Each structure stands twice: as C-alpha cells, then as structure tokens.
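>>> Need coordinates for the below:
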Amino acid sequence: MKLSCLCYYALTTREKTYWSQIINNMCFYTCFLSLCFPKIRFKIFLLVISESYRATGVFLLIEEGTYYTLNFTAARDACLSLNVTMATEYQISKAVTHGLETCKYGWIAEQIAVIPRISPKQNCGQGNIGVVSWKASADKKFGVFCFNASGITYFLIFVDTAVLSDKNKIRRSFTS
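Got it, this is the predicted structure:
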C-alpha cells in the first residue's frame, strides 16, 4: 500500500530565520524516510503567514516550490484539513488593510483567485492594488487563502496516511 504524506509548516516573516534550521532538518528527515520507504509519497506545503495574521487570521497555503497545485476543490479541502475555512473576499480585504501582501494567487471562498496587493508591481496583479481578482475556472490551479477565526499561530506538521486504511490520519501540531 502507498503512504502519502502532506507536511504543512507555518511561518511568519519574523520567524523564517528562526525556523529555517528546523525546516531544513525536517526536509532532511523527509528525504531520509523516502529512501527507507520507497512507497511513501511526500508532499510539503508552506503556510505563508503575514505579520498581519494575528489581527486578521488570513494566511496563504501554497505547495513549496514555484508551481501552483490546488484547484478550487483541493484548495477548499486543504483548508478544511487544517480545521480552518477558506478566506472570504471581505476577510482578504481586511487583511490587506492590516498589511497582507503577496505576489501569489490564492483561491478564496467566492471561487475566485486573488492577489492581495498594497504596493503596485507590474508582475504582481498587473500593477493593481487592493484585492486583485481573477475569475478562473475551478480546475485552474493556485494556492489558497485560509482563515483561522481563533487567531492562534501554529507551527504545524500534517501527515495524511493511507497505510492501514483510508480513514487513518495522524495530525501533530505545535503552537508557537
């Protein structure tokens, strides 16, 4: 049987330096485990949490690397797997007023992809500012903006396993 693993980790801008060594170790052990267990599929996701997160609860979930991998359904499921919801356009707008800015598209609950922009940049939202939206088809792949109403910041590792049965899940989370 195949074992599929999803690892999520969350970092604020300030915490990136602090957690980089931990993440490097995690990546090393992930590679080591994949050599020991060739049927294991690992997928690492990065939760990009802005400094405005504590005020708004909005964060971007993207697969680590340069390519988007989540269609709308997978994006919704990714947020739900973290026990949070997809952010709404209102929540994104509020987050922008608190400093949220990315150069990555992410799905939101209204089934549109958005880039939150504070400053204009031609290659990010075509130079527009605010919540820059794109009405794409649901099968188009982006990241996803999730919303955590509790406002608690997490360093989270999520492993979804199908070794024993499809219902088995192991979830470990560490609060920072």
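
>>> Share the number of residues neighbouring the closest residue to Ala136 other than its chain neighbours, please.
Sequence neighbours aside, Ala113 is the residue nearest to Ala136 in space, at 5.3 Å (criterion: Cβ to Cβ, 6 or more residues apart in numbering). Using the backbone N, CA and C atoms, a C-beta is placed for each residue, glycine as well. Ala113 has 23 neighbouring residues, counting by other Cβ atoms under 10 Å.

>>> Got the phi and psi for Ala113?
Phi and psi for Ala113, reported as degrees, to the nearest 10, are phi -100, psi 140.

>>> same thing with Ile62?
phi -130, psi 150.

>>> Who are the contact partners of the residue nearest to Ala136?
Residues counted as contacts of Ala113 (Cβ atoms under 8 Å, 6 or more residues apart in numbering) are Tyr105, Gly106, Trp107, Ser133, Trp134, Ala136, Lys140, Phe142.

>>> Confirm that Ser133 sits in a strand.
Yes. Per DSSP: H, G, I helix; E, B strand; the rest coil, Ser133 lies within a strand segment.

>>> I figured it hits Val114, correct?
Yes. Between Ser133 and Val114 there is a contact at 4.9 Å, judged by Cβ atoms under 8 Å.

>>> higher neighbour count, these two?
Shown here are Ser133 and Val114; by other Cβ under 10 Å, Val114 has more neighbours (25 against 17).

>>> Which strand residues bridge the more buried one?
For Val114, the beta-bridge partners are Gly106, Ser133 (DSSP bridges).

>>> Low-confidence bits of this protein, can you list those?
Scanning the chain for pLDDT under 70 picks out the ranges 1-55, 64-66, 151-176.

>>> all strands of it, in order?
Counting by DSSP state E, the segments of the chain that form strands are 3-12, 40-49, 58-63, 85-86, 106-107, 113-117, 130-134, 143-147, 154-160, 169-175.

>>> Outside of stretch 67-79 itself, list whatever touches it.
45, 61-63, 85-86, 104-107, 111, 138-144, 146-147.

>>> hmm, try it at 7 Å
Stretch 67-79 has contacts (Cβ atoms under 7 Å, 6 or more residues apart in numbering) with 61, 63, 85-86, 105, 107, 111, 138-144, 146.
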